[in-house]
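Enquirer: Predicted model, plus sequence, below.
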Amino acid sequence: MKNHLGIHALVWTGSWGSKDIDFAIGSSAKLGFNVIEIPLLNPYKFNAEYTKQVLDFNKIKGVTSLGLSDETDISSEDSVIRENGAKLLGKALEMTYQIGSKYMGGVLYSALKKYDAPPTKNAFHNSVDIIRDLCHKAKKMDIMIGLEPVNRYESNLINTASKALEFIELAECNNLCVHLDSYHMNIEESNYRDPILQCGEKLGYFHIGENHRGYLGRGHINFVEIFSAMKEIDYQGTVTFESFSSSIVDPHLSNALGVWRNLWDDSNDLAKNAKSYMDSII
Ligand code: MN
């Protein structure tokens, strides 16, 4: 397999000023990663120009990800909130394009939070309609949009690969793909192989993280099963390592993800370990 290997920027930093940009992108490139995933926590205040300069200088690709909030939830019954969400996604797409990225994914379809009720009757269709528009804009920029199914404590709308596929079928966009994540699959899927096979060519991006989101290889996720299934479908896409610890924090994202524990302090050691683990198994 010759997949691009990526690393999430939150391994290095919880903010995105010039020094963070130099450090996160430089450190990822130095360890041999091909891709860095940059969370667009606030696309309205994102320094795309400098990010692109540093990506190009380090010869590494950037991809972007984000999750929506209560104020921008496109699955909401409230049309003003849906409109805010559509605007935010449009801005995020613009930033993705400006850094020369070909991929934007994450919890783009709902808020990233623990909902206290199941989705409303219209939630799924509300979200599909806005994502369809986003995909049409993205198509002109040659950008792929990814829907990341997350566990039940982080969204009520798409928790499994099959739900993401149902969404894609309704949206009818060929630049919309499934973005799986081993951490969430461990909670919501019956196994790792079946959802990967079910996605087939619709699988466009993959997060690998342990069940505790700490050091790769020190939890109980069955990565052998995951990578065997990827081989079965000849998956050519990016595989990105995602890990979170209370030592590197973005207040909004880390709290939404429930990052309460210190699982590591040394970003470089964690990333180096992940890279050699990925090289040995992929
Ligand atoms: Mn993920």
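Expert: Great, that's in hand.

Enquirer: quick one: secondary structure of Trp264?
Expert: Assigned state for Trp264: coil (three-state reduction, DSSP: H, G, I helix; E, B strand; the rest coil).

Enquirer: residue ranges of the helices in the stretch 51-200 of the chain, please?
Expert: Read by DSSP state H, counting those that start in this stretch, the stretch 51-200 of the chain holds these helices, from start to end of the chain: 79-98, 123-140, 161-171, 182-188, 193-199.

Enquirer: any chance of these in a markdown table, plus distance to the ion and mean neighbour count?
Expert: Yep, even glycine has a C-beta here, placed from its N, CA and C like the rest. Converted to a markdown table, those look like this (distance: least, CB to the ion, whole Å; neighbours: other CB atoms under 10 Å):
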| stretch | distance to the ion | mean neighbour count |
| --- | --- | --- |
| helix 79-98 | 16 | 18 |
| helix 123-140 | 18 | 19 |
| helix 161-171 | 13 | 19 |
| helix 182-188 | 6 | 20 |
| helix 193-199 | 14 | 19 |
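
Enquirer: got the ones you listed as a markdown table, with mean pLDDT columns?
Expert: A markdown table is the format used below for the helices of the stretch 51-200 of the chain (pLDDT from 0 to 100):
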| stretch | mean pLDDT |
| --- | --- |
| helix 79-98 | 98 |
| helix 123-140 | 98 |
| helix 161-171 | 98 |
| helix 182-188 | 98 |
| helix 193-199 | 98 |
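
Enquirer: I'd like to know which of those helices is closest to Tyr215.
Expert: Between Tyr215 and the helices of the stretch 51-200 of the chain, the shortest separation by CB to CB is 13.2 Å, and it involves helix 182-188.

Enquirer: can you give me how far that closest one is from the chain middle?
Expert: In terms of CA atoms, centre = their mean, to the nearest Å, the centre of helix 182-188 is found 14 Å from the chain centre.

Enquirer: got it, and stretch 74-81?
Expert: That offset, for stretch 74-81, works out to 23 Å (CA atoms, centre = their mean).

Enquirer: try stretch 249-267
Expert: Relative to where its chain is centred, stretch 249-267 has its mean C-alpha point 16 Å off (CA atoms, centre = their mean).

Enquirer: Now do the buried residues in it.
Expert: Residues of stretch 249-267 classed as buried by neighbour count (16 or more other CB atoms under 10 Å): 249-250, 253-254, 256-257, 259, 263-264, 267.
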